[in-house]
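Q: Give the three-dimensional model of this entry:
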Amino acid sequence: MLNDFERKILRIIVNYAGQRRRVPRMDELENKTGRSRVLIHESLLELERRQYIVWENKSTLEGIQIVQAWEQETQPIRKSQPAGDAVKYFLEY
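A: Numbering: from 1, shown residues only. Down below sits the predicted model:
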């Protein structure tokens, strides 16, 4: 599960790529997040480690490729409750 800042970085990158057809520069990420380059760089490395992005050339952000735009859901799946008599009436008759 991503922490809040990693999720924020991922959303900014995805939205930027969708709207402007490019990945944001480091100064743009600093401006949008209010955080330091070091923290942004660490978060990008974590996103790459968790396979949300591919980042081959670490000297620039231009080569970042988005692999997965949304965080994976890890919540347990609930079983549905059996339909009551009122619902059965509409489904069976």
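Q: Show me the residue at the heart of the protein, geometrically.
A: When CA atoms, centre = their mean is applied to the chain, the residue found nearest the centroid is Trp70 (3.6 Å).
Q: what about it, is that helix, strand or coil?
A: Three-state call for Trp70 (DSSP: H, G, I helix; E, B strand; the rest coil): coil.
Q: Let me know the distance separating it from Thr60.
A: According to CB to CB, to the nearest Å, Trp70 stands 25 Å off from Thr60. To be clear about C-beta, it is placed using only N, CA and C from the backbone, and glycine gets the same treatment.
Q: now swap in His41 and tell me
A: Taken as CB to CB, the span from His41 to Thr60 is 12 Å.
Q: between the two, who's got more neighbours?
A: Neighbour count, other CB atoms under 10 Å: between His41 and Thr60, His41 has more, with 14 against 11.
Q: Ile13 versus the residue nearest to Tyr52 when sequence neighbours are not counted, what's the distance?
A: Excluding its sequence neighbours, the residue lying closest to Tyr52 (CB to CB, 6 or more residues apart in numbering) is Gln68, at 4.9 Å. Going from Gln68 to Ile13 by CB to CB gives 11 Å.
Q: which of these two has more neighbours?
A: Taking other CB under 10 Å, Gln68 and Ile13 do not tie; Ile13 has more neighbours (21 against 13).
Q: from memory the more buried one sits against Val23, does it?
A: Yes. Ile13 sits in contact with Val23 when judged by CB atoms under 8 Å, with a separation of 5.9 Å.
Q: which neighbours do those two share?
A: Taking CB atoms under 8 Å, 6 or more residues apart in numbering as the contact rule, Ile13 and Val23 both touch Ile64.
Q: hey, where'd the helices end up in the protein?
A: Under the criterion DSSP state H, the chain contains helices at 4-20, 26-33, 37-49, 85-92.
Q: Need the ones you listed in CSV (columns: mean pLDDT and distance to Glu56).
A: As requested, those are exported to CSV (pLDDT from 0 to 100; distance: least, CB to CB, whole Å):
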stretch, mean pLDDT, distance to Glu56
helix 4-20, 94, 15
helix 26-33, 96, 16
helix 37-49, 96, 9
helix 85-92, 66, 53
